[in-house]
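Student: sequence and predicted model, in that order:
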Amino acid sequence: MITLLHGPAELIRAETLAQIRAQIASDPELVELNTTRLEGRQLTLGELQNACDTLPFLADRRLVIVDGLLNRLATQGRARPKSGEAVPAEAETPDDDTAPEVSKGQAKAFVSYLDQVPASTELVLMEGDTIGSGPMLRRLQELAREERARVVLCEKPRKNDLPEWIRSRARLHGVKLDPAAVADLAEFVGDELRQLDQELIKLADYGAGRTITREEVRRLVAATRAANVFELVDALGLGDAPTAGRVLKHALDVDGEQPLRLLGMIARQYRLLIRAKALQAEGARPPEMARTLNVADWTVPRLLTQASRHSFARLERAMEYILAADEAIKTGRLTDREAMDVLLAELMSDR
């Protein structure tokens, strides 16, 4: 069987490959003895044939993994520019000593060899990018229709599908998350699937079968600590000075947020509020707003709720206060903490 694993979701590629490896033999040592990994950027057809045609050792099958061959065939098949013409960055090819030139005839030979791969060999073609075209892909798709190959597109879930992916993955690891915890992981860890998976494993070990709350996620998952900024903005909008001061102090002293990074996150939130308020005034619907703002659908109601507490003039003044705090820190006119305290006082007094 030939399998193409392509796409940006490294976790899915790795886990699919692990499933294939598990079918080679029950003994991990035999799996290693019957596995060959080749670098596609340097691979010759002879080397591929030699690896695939080798008989398995004390096993029914052997595994040959090739990294980056399809991408190499696609990029090196492009026409070279004439002498003196600029070479676009995306069209540049590696030096010949690391990636031998592939002629059209050689590329065709690689494609033809797909029909000659022995039944005793599992050939896995790994690509970190999505392969959208090319003769090798077309032949693999034809073989897939004949059930002689598999083409697996390893994509990251879309923003709106990410919470369900997290819930499904959490069930796999035996961890329960409350909806707010899922929302925080989706928003602040995002579609970094490997990191999400590692965080869920950590939460499963910590939770021991009970439901993990948002507060615990924010305490245990470093990436979600930025969520405190939303609490800070909410408190500022409500005029809740004690809460705003507490959250700011926690972000600086406990979470260890750098003031300039914290300023950047606060500024980003105020910019989103300005744009959300403008889009709402133009009559845009929430799905359109999500696409324009490049945020997940479920975050739009929260943005609109926060934006409704501010006038345009007040939001613009807030951006001026943030800019002044940034300048004060960078020029040394105020210490980090003094600048943040002044910013908090200005935002709270401007009501």
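Tutor: Structure's in. What do you need? Numbers count the residues shown, from 1 in each chain.

Student: so what's the residue count around residue 69?
Tutor: 22 (other C-beta atoms under 10 Å). No exception for glycine: its C-beta is placed from N, CA and C like everyone else's.

Student: ok, it to residue 11 distance?
Tutor: As defined by C-beta to C-beta, to the nearest Å, residue 69 lies at a distance of 22 Å from residue 11.

Student: without its sequence neighbours, what residue ends up closest to residue 296?
Tutor: residue 159 (4.1 Å; C-beta to C-beta, 6 or more residues apart in numbering).

Student: which residues does the one you found contact?
Tutor: Neighbouring residues of residue 159 by C-beta atoms under 8 Å, 6 or more residues apart in numbering: 186, 191, 290, 295, 296, 297.

Student: any idea which of those residues is closest to residue 332?
Tutor: Residue 332 lies nearest to residue 295 out of the contacts of residue 159, by C-beta to C-beta, at 35.3 Å.

Student: just among the contacts of residue 159, which is most surrounded?
Tutor: So for these (other C-beta under 10 Å), the most neighbours sit at residue 186, 24 neighbours.

Student: in the stretch 151-300 of the chain, where is pLDDT below threshold?
Tutor: For the stretch 151-300 of the chain, applying pLDDT under 70 flags the ranges 223-228, 237-238, 255.

Student: return the backbone torsion pair for the residue sitting nearest the centre point of the chain.
Tutor: Centroid-nearest residue in the chain: residue 192, 3.5 Å away (criterion: C-alpha atoms, centre = their mean). As for residue 192, its main-chain torsions (degrees, to the nearest 10) stand at phi -80, psi 90.

Student: roughly how far apart are it and residue 165?
Tutor: Counting by C-beta to C-beta, the gap from residue 192 to residue 165 is 12 Å.

Student: and what of residue 56?
Tutor: As judged by C-beta to C-beta, residue 56 and residue 165 stand 36 Å apart.

Student: what about stretch 248-262, start to end distance?
Tutor: Distance between the two ends of stretch 248-262: 9 Å, counting by C-alpha to C-alpha, to the nearest Å.

Student: buried sites along it?
Tutor: Under the neighbour-count criterion of 16 or more other C-beta atoms under 10 Å, stretch 248-262 has 248, 251, 252, 255, 257, 259, 262 buried.

Student: farthest pair in those?
Tutor: Maximum distance among the buried residues of stretch 248-262 (C-beta to C-beta): 11.9 Å, for 255 and 259.
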